[in-house]
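Undergrad: Build me a model:
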Amino acid sequence: MKTLMIMGAGIYQVPLIKTARKMGIHTIAVSIPGNYPGFGVADEVCHISTVDVDAVLAEARRRKIDGIVTAGTDVAVITIGRVNDELGLSGISYEAAQVAVNKYLMKEAYEANGVRTARYRKVFFSENVNDMLEGLNYPLIFKTVDSSGSRGITKVTAPDEIPAAIAAARAATRKDYYIVEEFIVGSEFGAQAFIYNGRLQFVLPHGDYVFQGSTGVPRAAQECRPVILHPSSFPMNSSKMSMTRQSAPPEP
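TA: Next up is the predicted model:
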């Protein structure tokens, strides 16, 4: 029987644990102690913090796991990448994981690969941000590079709003820097993709509905949008590609 280590035991990991068990896979839920629903679903429980890379790696090696995954969180992605590299498992690499959870490294990767992105600056908290903003146009977004859920992210429309934006970023990050980028007005959309053994299996484009607060906070990925994908662009059978559309929810 294959053994799968699942990072986290919260409500977002429960469907993953249940599905793995239905497939006949032995599951190990990894999380700090707490009243988490996944503990009662998984075959085994391992009380280790999902961000304790060395401890998770040691346990994964001891148990000779066949895979390590998570769902609904990016907190454990770096841990997963390290374990994959060290044990030769299929999945995200440590290098890719670092880029995936750091918005500054992500922006660098975009530019290096010709992906258009908002103009930005990397700013250390010790620096005078006003010296770094030349060439950028208001409104601006002050953004932490390592948080999620729009924590530490503030839209700034004038210079007098900068101190509060910096304070919000400082309170929400473990880094000694943040980024400032131009605010872009437009329709937000994205795409979910699944890659198996280096081959793209399907792409699901979608639109996002957003709340308007200090910054636009994604509310839900609800409405799928059609795109044209030429079969020759992907090394796979085009019949495997599928897209669905669901109706938009009523306005809040």
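Undergrad: And the residue nearest to the spatial centre of the chain, how close does it get to residue 103?
TA: For the chain, the residue sitting closest to the mean C-alpha position, by C-alpha atoms, centre = their mean, is residue 74 at 4.8 Å. For residue 74, the distance to residue 103 (C-beta to C-beta, to the nearest Å) stands at 11 Å. Just so you know, the C-beta spots here come from the backbone N, C-alpha and C atoms, and that holds for glycine as well.
Undergrad: Would you report the backbone torsion angles of residue 155?
TA: Main-chain torsions, residue 155, degrees, to the nearest 10: phi -90, psi 130.
Undergrad: so what's the residue nearest to the centre of the chain scoring on pLDDT?
TA: Reading off the per-residue confidence, residue 74 sits at a pLDDT of 86.
Undergrad: and it, that's in a helix?
TA: No. With DSSP: H, G, I helix; E, B strand; the rest coil as the criterion, residue 74 is assigned coil and is not in a helix.
Undergrad: What is the neighbour count of the closest residue to it other than its chain neighbours?
TA: Beyond its immediate neighbours in the sequence, the residue positioned closest to residue 74 (C-beta to C-beta, 6 or more residues apart in numbering) is residue 101, lying 5.2 Å away. By the other C-beta atoms under 10 Å criterion, the neighbourhood of residue 101 contains 19 residues.
Undergrad: next one: phi and psi at residue 101?
TA: Backbone torsions for residue 101, taken as degrees, to the nearest 10, come to phi -110, psi 10.
Undergrad: so what's it up against?
TA: By C-beta atoms under 8 Å, 6 or more residues apart in numbering, the contact list for residue 101 reads 74, 77, 78, 146.
Undergrad: host element of the third one?
TA: Secondary structure assignment for residue 78, by DSSP states H and E: helix 77-87.
Undergrad: for the helix or strand hosting residue 20, which positions count as buried?
TA: When elements are assigned from DSSP H and E, residue 20 belongs to helix 14-22. Going by neighbour count (16 or more other C-beta atoms under 10 Å), the buried part of helix 14-22 is 14, 16, 17, 20.
Undergrad: between those residues, which is closest to residue 128?
TA: Using C-beta to C-beta, residue 16 is the member of the buried residues of helix 14-22 that sits closest to residue 128, with 45.7 Å.
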